[in-house]
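Participant: dropping a prediction and its sequence here:
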Amino acid sequence: MRNRWAADAFVQMWRIAAWLRTELLCWTGCFWWAKFRLRREGAVVVLMLHRVLTREEYEKTGSEPDIILGVETFRNLVRYAKRTCEIAALETPAKANDAGSQTARASRTRPMIAITLDDGWHDNYTSVLPVVVAEGIPVTIFVCPGLIGCDLPFWPEQIAKAMKKKAPELRQSELTALVEQLKDFEPQRRDLLIGALSRQNGAPSCREVKEIDRTLSWEEILEMSKAGVRFGSHSCSHQILPQLPLDEVQHEIRDSKQALDMVLNSECKVFAYPNGNYSKTARRILAEAGYQAAVTTECGAWTRDRDPFAIPRVNISDSSVTGLSGRFSGAMFDYTVFWRAYRRLGSRRKMAAAWRSVTP
């Protein structure tokens, strides 16, 4: 009990320190400078979201906190972004980066962002769609055609449900560490472990699963598409591509595109690597299949000199854009999105310069 209290106190102290740091950077003009430099580079900062849940849904879900936004936080985030940024559609990457020309850079007065959501959760329909339609902004949702309309479709949620029943006292940090460790397992070995845990602890109730942890149906996807939401591929079944043999990589990339092309009656042009992992082989297959761009989970800004098949993104969760009160904070948003992207851009440039200096 004492260790748990100490850990909670440390987390609270860390949040206070992070808030003080953010306020200091804001009032000293650092965020203004970061936005200015990103505009000058013609950069697009791509936001990576996953789930948008109510408080009641948050209490029941098996998803990790670092992929969850509250409904009100998401609504305030979109409104703040509309006031302070240009929101571009990811599906027009060439146009977005053409804005990085000398003339366009001089005329742009606000930084450019794009909003994406991974996995295609049902809450994207219930919580995201109303805000997107009301505010009139472009978003792209990456879905797995092989997991459409599934209950508890992804193994991290399956393992979380099983472990919470087996060990209710398990801390979120310990569960997160377990999930990260299992990502390195071979898919067959991981599935055997999860299956054994699920049989041992019992499956969650159908009602609980269907209400919270399920993916979009094709009917919902079609309705969202008609409302202006864009869709991309997240592979067929969310397998980590570098762990698969060549024929399975081709299946995950090509068949998912064909399914989306057929159902939506439009060409799927963008891809999101599951877990952000990719390889030269996967990149080549994407280009051959007709994709125009692919996004990773690497933090950073997308500039004209970046490979369009390795676009970095900035992960957004409740803790990254809310202040001490638990409400959305514009300063925290600017820190997470623009300051972090600017710092990564500078680090990348320094590494490239150092490499050139030692390369004949």
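Facilitator: Structure received. Residues are numbered from 1 along each chain as shown.

Participant: how far away is the residue nearest to Leu182 when sequence neighbours are not counted from Leu178?
Facilitator: Nearest in space to Leu182, with sequence neighbours left out and distances taken as CB to CB, 6 or more residues apart in numbering, is Arg190 at 5.4 Å. Where you see a C-beta, it was placed from the backbone N, CA and C, and this is true even at glycine. Distance, Arg190 to Leu178, by CB to CB, to the nearest Å: 11 Å.

Participant: can you check Gly232 too?
Facilitator: As defined by CB to CB, Gly232 lies at a distance of 29 Å from Leu178.

Participant: ok, now Leu129?
Facilitator: 33 Å.

Participant: so the two - more neighbours on which side?
Facilitator: Leu129 (20 against 14; other CB atoms under 10 Å).

Participant: what's the first helix or strand after the helix or strand harbouring that one?
Facilitator: Taking DSSP states H and E as the criterion, Leu129 maps to helix 129-135. Downstream of helix 129-135, the next assigned helix or strand under DSSP H and E is strand 139-143.

Participant: rewinding a little: tell me the buried residues in the helix holding Leu129?
Facilitator: By neighbour count on 16 or more other CB atoms under 10 Å, the buried set for helix 129-135 is Leu129, Val131, Val132.

Participant: and which of those is nearest to Pro138?
Facilitator: Pro138 has its nearest neighbour among the buried residues of helix 129-135 in Val132, at 8.2 Å by CB to CB.

Participant: what's the spacing between the closest one and Gly232?
Facilitator: From Val132 over to Gly232 the distance is 15 Å, taken as CB to CB.

Participant: domains for this structure, by residue range?
Facilitator: The record's domain parsing of the chain by automatic domain parsing lists 43-152+215-358, 158-203.

Participant: for those domains, which one ends up most surrounded?
Facilitator: Highest mean neighbour count of these: domain 43-152+215-358, a mean of 19 (counted as mean count of other CB atoms under 10 Å).

Participant: can you give me the strands in the chain?
Facilitator: Taking DSSP state E, the strands of the chain run over residues 44-49, 51-53, 68-70, 86-88, 112-119, 139-143, 230-233, 270-272, 293-295, 314-315.

Participant: could you export the first one as CSV, CA atoms only?
Facilitator: The C-alpha atoms that make up strand 44-49 are tabulated as CSV, following Å, rounded to 0.1, in the frame of the first residue of the first chain:
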residue,chain,number,x,y,z
VAL,A,44,2.7,19.2,-41.6
VAL,A,45,2.3,17.8,-38.1
VAL,A,46,0.1,14.7,-38.3
LEU,A,47,-1.8,13.9,-35.1
MET,A,48,-2.3,10.2,-34.2
LEU,A,49,-5.5,9.4,-32.2
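
Participant: for it, name the packing helices and strands.
Facilitator: The helices and strands touching strand 44-49, judged by 3 or more CB pairs under 8 Å, 6 or more residues apart in numbering; DSSP states H and E, are helix 93-98, strand 112-119, strand 314-315.

Participant: for Ile316, give me its contacts.
Facilitator: Residues near Ile316 by CB atoms under 8 Å, 6 or more residues apart in numbering: Leu47, Met48, Leu49, Leu69, Leu77, Thr336, Val337.

Participant: so the fifth one touches Phe333, yeah?
Facilitator: The one in question is Leu77. Yes: between Leu77 and Phe333 there is a contact at 6.4 Å, judged by CB atoms under 8 Å.

Participant: overlap of the contact sets of these two?
Facilitator: The contact lists of Leu77 and Phe333 share Val321, where a contact means CB under 8 Å, 6+ apart.

Participant: nearest residue to the residue nearest in space to the middle of the chain in space, please, no chain neighbours.
Facilitator: Taking CA atoms, centre = their mean, the centroid of the chain lies closest to Met48, which sits 2.9 Å from it. Once flanking residues are discounted, Met48 sits nearest to Arg313: 3.9 Å by CB to CB, 6+ apart.

Participant: contact partners for that neighbour?
Facilitator: Val46, Leu47, Met48, Thr116, Val295, Thr296, Thr297, Glu298, Cys299, Gly300.

Participant: closest to Gly195 out of those residues?
Facilitator: Set against Gly195, the nearest of those by CB to CB is Thr297 (26.8 Å).

Participant: show me what contacts the closest one?
Facilitator: Neighbour list for Thr297: Met48, Tyr273, Asn275, Gly276, Arg313, Asn315 [criterion: CB under 8 Å, 6+ apart].

Participant: show me the beta-bridge partners of the first one.
Facilitator: Residues found in beta-bridge contact with Met48 (criterion: DSSP bridges) are Thr116, Asn315.

Participant: tell me the contacts of it?
Facilitator: Residues counted as contacts of Met48 (CB under 8 Å, 6+ apart) are Thr116, Leu117, Asp118, Val295, Thr297, Arg313, Val314, Asn315, Ile316.

Participant: how close does it sit to Ala17?
Facilitator: Noted for Met48: a distance of 25 Å to Ala17, by CB to CB.

Participant: and what of the fourth one?
Facilitator: Here the criterion is CB to CB. By it, Gly276 lies 28 Å from Ala17.
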